[in-house]
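> output the structure for:
(chains A and B)
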Amino acid sequence: MAGYNLKEVMSKPERLAAGHRMCAGCGATIGIRAVLRALHEGDRAVIGNATGCLEVSSFMYPYTAWEDSYIHNAFENAGATLSGVETAYRALKKRGRLPENENFKFITFGGDGGTYDIGFQSLSGAMERGHDMVYVCYDNGAYMNTGIQRSSATPQFADTTTTPVGKNSNGKVQTRKDLSAIIAEHHVPYVAQTTFTKDFKDIYVKSEKAIYTEGAAFLNMLAPCPRGWRYETSEIMKICQLAIDTCYWPMFEVDHGNWRLTYEPKNKLPIEEFLRVQGRFSHLFKPGNEDLIAAFQDEVDRRWEDLLYRCNK
Amino acid sequence: MSKKDRMSGNEAVAYAIRQVNPDVMPAFPITPSTEIPQMVSTYIANGEMDTEFIPVESEHSSMSATVGAEAAGARSMTATSSCGLAFMWEELLVAASNRLPLVLALVNRTLSGPININCDHSDSMGARDTGWIQIYAENNQEAYDNFIQAFPIAEDTRVHLPVMVCQDGFITSHAVENILLEEDADVRDFVGEYHPEEFLLNPGKPVAIGPYAISAYSMEAKYNQEQAMIRSKEVIMEVAARFREKFGRGFDLFEQYRTEDAEFIMLIMGSAAGCAKEAADRLRDKGIKAGVLKLRVFRPFPAEEIAKALENCKAVAIMDRCESYNGHGGPLSSEVRAALFENRVMTEAVSYIYGLAGRDFTVDTAVSIFEEIAEVAGGQKKAVQNRYVGLRTRKEQ
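Numbers count the residues shown, from 1 in each chain, chains lettered A, B, ... in the order given. The predicted structure is shown next:
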């Protein structure tokens, strides 16, 4: 997007107000504010939210941090709930009960627990039915709200409270579920994987596309969690950059079936760079665990090659 | 002008849905309610109504989407049975606590297991404490009439609670009976338009729904919800009165059949009330003063009204088409007994379990129950509580 201007974008009015109770340095709120900046001025939105950190910290009765209409229903049904809202919009428009010049957009946020796991069915149903909405997963790689339990988005070997590192355990046994690819296989108009780096252009452009592409769209956004990942809060931008430069979190989009890399690191960094800055992987750097890092690297490489193939690289 | 027709309970409810033409209807198929979304889809396909139908991927999602649509400002409803209702349990509570006036057409079917598709009330009875108004029908006519009354009850500003309109699976839902249908315009006029005060799609007036509330606020929300349930009783009666005035039929909280001077009353819900009434007629022919109290509204529970209706009888048979697995009888039994005690009506009350998972309930069985409670009242027999009627004997096994 030629016209992207960081200063201009950042000076748009905030649609998630200050004063919410998310942790200092939380990746989710940084990303969500970035997504909401892509809404065009004058357009209204209904925001959906699966139960999770974001919900319990942004809408604690009698206060809400949301400038737009907002609905939290439960943990596993953000997709279905917003599909009801979006359908209501079409019904009311059709029946002349909403002014014709009023445009509403529908965006729902869920953590990886509410999206990859318990809300997977509801998400899949909403995507398959093609509701004109965007589902944004803020993927922090574990059930952070309940205290850092593993999810299917948790990377292999991560130390979580249900995959604790111990004498007989090196953390999570399994590798991550590739949800972005799974949703892409629903053949919805737009799917993208993103995070926030440098000038926030990638997340802005993808959010705008997701919101303004007709039909169902899915954004998977890496959102580091300082509590769960165990890093200094000031390190967040560096960690996101390492996630994409190691190809742990590739940046790509699937626009009407067309797979495209949106960022290709000039020098693909070894995965240690990403792992070393996080306390949840500290056990991997103990002598004798070199094979675990090698296994992690192999999986990252295999998936990266697979993605390059899909993107005709 | 009413029109005579014949149709099944499912057809009657689908016909009423077409007439009401709600804004949004998400639904997922499950026997025996499947026909309702099927028929609605056909009406839509043929241009006879224009509700936005969402073919969701589960009942949890059907209630979730109904909650979303209703919160957005659309008149919304769904239909289900049995395990479908069980699967949407969490959402039943969310719908009620968010004070969303949506409607659920429930076709009663037993819960697993063993898996069985036939009628009992274990699905809706299990949901009795989820904050929903529950109205039960004896036949297709009442299923139709109750459905039409559901939206005006739910949407009344004194209420703002969801309504479950229940009919018995197969017995009512699939059996074809005579029915009086009302004109579309009359039904629409009765139901009225829906103009919610607060909704997500209100331009320039955003609203946030579904908060986290700490202990300092949650208890008040629950208290207010209960106050709405208490207030709903008068609204249900007002709407029933308005319906009676316009269409000439219907009951308030319950129907009293030959109870005026009755010494022996059977308290029952749903389709089995027909057998109970026939049994009462036969006993009356023999000079035994039998009557039937058919409960229409289970939530809110008309405790005082029931106690008053039973205060002069010698014995009542309380009929549960549902087991509570508490070693202490079915839910109707527990609530009626509490109501009797609270109102100091010390009549003989004998509780029975009948008709589970579609087991037949016959007029002969009803007659034998009347005879049994008469013996209990007369002191010839000691009451046996919570007996299963119609159970196979050891020989039959």
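> show me the contacts for the closest residue to chain B within the stretch 101-250 of chain A.
Closest to chain B within the stretch 101-250 of chain A is residue A:125: 3.4 Å, counting by C-beta to the nearest C-beta. In short, each C-beta sits where N, CA and C put it, glycine included. Taking C-beta atoms under 8 Å, 6 or more residues apart in numbering or on different chains, we find residue A:125 in contact with A:79, A:80, A:83, B:56, B:57, B:58, B:61.
> quick one, strands of chain A?
A:44-49, A:69-72, A:104-111, A:134-139, A:165-166, A:169-170, A:190-194, A:217-222, A:252-255, A:258-261 (DSSP state E).
> rewinding a little: pLDDT wise, what is the residue of the stretch 101-250 of chain A closest to chain B at?
Residue A:125 is assigned a predicted lDDT (pLDDT) of 98.
> for it, which non-adjacent residue is spatially closest?
residue B:57 (3.4 Å; C-beta to C-beta, 6 or more residues apart in numbering or on different chains).
> please name the residues that touch that neighbour.
So residue B:57 contacts A:121, A:122, A:124, A:125, A:128, B:28 (C-beta under 8 Å, 6+ apart).
> what about the last one, how many residues nearby?
The criterion is other C-beta atoms under 10 Å in any protein chain shown. On that basis, residue B:28 has 25 neighbouring residues.
> helix, strand or coil for residue B:129?
Here residue B:129 takes the coil state, with states given by DSSP: H, G, I helix; E, B strand; the rest coil.
> dump the residue contacts of it.
With C-beta under 8 Å, 6+ apart, residue B:129 has no contacts at all.
> can you pull the pLDDT of the residue in the stretch 1-150 of chain A positioned nearest to chain B?
Closest residue of the stretch 1-150 of chain A to chain B, C-beta to the nearest C-beta: residue A:84 (2.8 Å). If you check residue A:84, the pLDDT there is 98.
> so how many other residues sit close to it?
Residue A:84: 35 neighbours (other C-beta under 10 Å).
> so residue B:180: helix, strand or coil?
On the basis of three-state DSSP, residue B:180 is classed as strand.
> for residue B:282, see how far away it is.
27 Å (C-beta to C-beta, to the nearest Å).
> ok, now which ones touch the residue in the stretch 1-150 of chain B that chain A sits nearest to?
With C-beta to the nearest C-beta, the shortest gap between the stretch 1-150 of chain B and chain A falls at residue B:68, namely 2.8 Å. Remark: with contacts taken as C-beta under 8 Å, 6+ apart, residue B:68 is in contact with A:48, A:71, A:73, A:80, A:81, A:82, A:83, A:84, A:85, A:88.
> mind listing what's buried along the lengthiest helix in chain A?
Within chain A, and with DSSP state H defining each element, the longest helix by residue count is helix A:290-310. Neighbour-count burial for helix A:290-310, counted by 16 or more other C-beta atoms under 10 Å in any protein chain shown, picks out A:292, A:293, A:295, A:296, A:297, A:299, A:300, A:303, A:304, A:307, A:308.
> let's have those in a markdown table, adding distance to residue B:303 and pLDDT.
Below are the buried residues of helix A:290-310 laid out as a markdown table (distance: C-beta to C-beta, whole Å; pLDDT from 0 to 100):
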| residue | distance to residue B:303 | pLDDT |
| --- | --- | --- |
| A:292 | 65 | 98 |
| A:293 | 68 | 98 |
| A:295 | 66 | 98 |
| A:296 | 64 | 98 |
| A:297 | 69 | 98 |
| A:299 | 63 | 98 |
| A:300 | 65 | 98 |
| A:303 | 63 | 98 |
| A:304 | 67 | 98 |
| A:307 | 65 | 98 |
| A:308 | 70 | 98 |
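> could you find the closest non-adjacent residue to residue B:319?
Closest to residue B:319 by C-beta to C-beta, 6+ apart is residue B:268, at 4.2 Å.
> which residues touch residue A:102?
Neighbours of residue A:102 in contact, by C-beta under 8 Å, 6+ apart: A:44, B:203.
> now it. Its backbone dihedrals?
phi -90, psi 120 (degrees, to the nearest 10).
> any regions of chain A where pLDDT drops low?
A:1-2 (pLDDT under 70).
> go again using 90 as the cut-off
Residues of chain A that meet the criterion pLDDT under 90 lie in A:1-3, A:25, A:313.
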